[in-house]
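Q: here's my sequence, what's the structure:
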Amino acid sequence: MKPENWIGIAQIVITIIGMAVGPWIAVRLSIRQFRSTKSWEKATEAYSEILKQLAVVSYTNRRYYEHFLNTVRMEKEERDELSAEYRMALKSLERMSIANSLFISGIASKAITLLIESIENDNARDVIESLDTESHAIKDCIVTVTCEAPKQRVV
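A: Model (predicted):
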C-alpha cells in the first residue's frame, strides 16, 4: 500500500473513533454537571430549611426575653403556641443536621449540635440569664450556618 492510502484510512479510523468517543464523553460530562447542580440544589434547600428553623428558635427566644423583661406581655395561649413551635423547631434542627449530612458541612452540623446541647444543658440561675445565653448560642449558630451555606452561583 502506498503512503497516500494510509492517510485516507487514518482519517476514516479517526472519524470512527471520534464518532464513538465524542458522544460518550459528552454524556459523561452532562451527567457530572447534572449531579453537581442537583447536589447544589439539595444543599441550598437543606440550608434554607435549617435557617427557617433557626429563625423560629430565635424569634421565640426574643419574644420570651421581652416577656420576662416586661416589655411585651404575652398571653398564655401565645406562650403555649410559641413553646410548641420552639420544641418542634429544635427537633427539626436536630433531624435535619443528621438527615442532610451529605449536603451540609460538618461545621454547620456541629454548630447545630452545640446549640441544641447548649439549650438542653442550660444551668443558668434565672430565666433572663438562660434566655441571654441561649440568644448568644442561637446567633453563633445562625452566623456559622449562614457562612457555611452555598453562595449563589453565577452561571
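
Q: let me know the pLDDT of the residue nearest the centre of the chain.
A: Most central residue of the chain, judged by C-alpha distance to the mean C-alpha position with CA atoms, centre = their mean, is Tyr47 at 2.4 Å. Looking at Tyr47, its pLDDT is 91.

Q: before we move on, what about Phe34?
A: Each residue has a pLDDT score; the one for Phe34 is 68.

Q: counting contacts, what elements does the helix or strand where Ser58 lies pack onto?
A: When secondary structure is defined using DSSP states H and E, the element that contains Ser58 is helix 3-68. Using 3 or more CB pairs under 8 Å, 6 or more residues apart in numbering; DSSP states H and E as the contact criterion, the neighbours of helix 3-68 among helices and strands are helix 76-99, helix 106-120, helix 127-148. Backbone N, C-alpha and C define where each C-beta goes, glycine included.

Q: as a markdown table, those with mean pLDDT would be great.
A: Supplementary listing: these in a markdown table, determined by pLDDT from 0 to 100:
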| stretch | mean pLDDT |
| --- | --- |
| helix 76-99 | 93 |
| helix 106-120 | 92 |
| helix 127-148 | 92 |
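
Q: these: which one's closest to Thr60?
A: Taking CB to CB as the criterion, helix 76-99 is the member of the helices and strands packed on helix 3-68 that comes nearest to Thr60, at 4.2 Å.

Q: could I have the closest one exported to CSV, CA atoms only?
A: Output in CSV follows, covering the C-alpha atoms of helix 76-99 (Å, rounded to 0.1, in the frame of the first residue of the first chain):
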residue,chain,number,x,y,z
LYS,A,76,-50.8,32.0,78.0
GLU,A,77,-52.1,30.8,74.6
GLU,A,78,-49.4,32.7,72.7
ARG,A,79,-46.7,31.4,75.1
ASP,A,80,-48.0,27.8,74.7
GLU,A,81,-48.1,28.2,70.9
LEU,A,82,-44.5,29.6,70.8
SER,A,83,-43.3,27.0,73.1
ALA,A,84,-44.7,24.2,70.9
GLU,A,85,-43.2,25.8,67.8
TYR,A,86,-39.9,26.2,69.6
ARG,A,87,-39.7,22.5,70.6
MET,A,88,-40.7,21.4,67.1
ALA,A,89,-38.0,23.7,65.6
LEU,A,90,-35.3,22.2,67.8
LYS,A,91,-36.4,18.7,67.0
SER,A,92,-36.4,19.6,63.3
LEU,A,93,-33.0,21.1,63.5
GLU,A,94,-31.6,18.0,65.1
ARG,A,95,-33.2,15.8,62.5
MET,A,96,-32.1,18.0,59.6
SER,A,97,-28.5,18.1,60.8
ILE,A,98,-28.3,14.3,60.7
ALA,A,99,-30.5,13.7,57.6
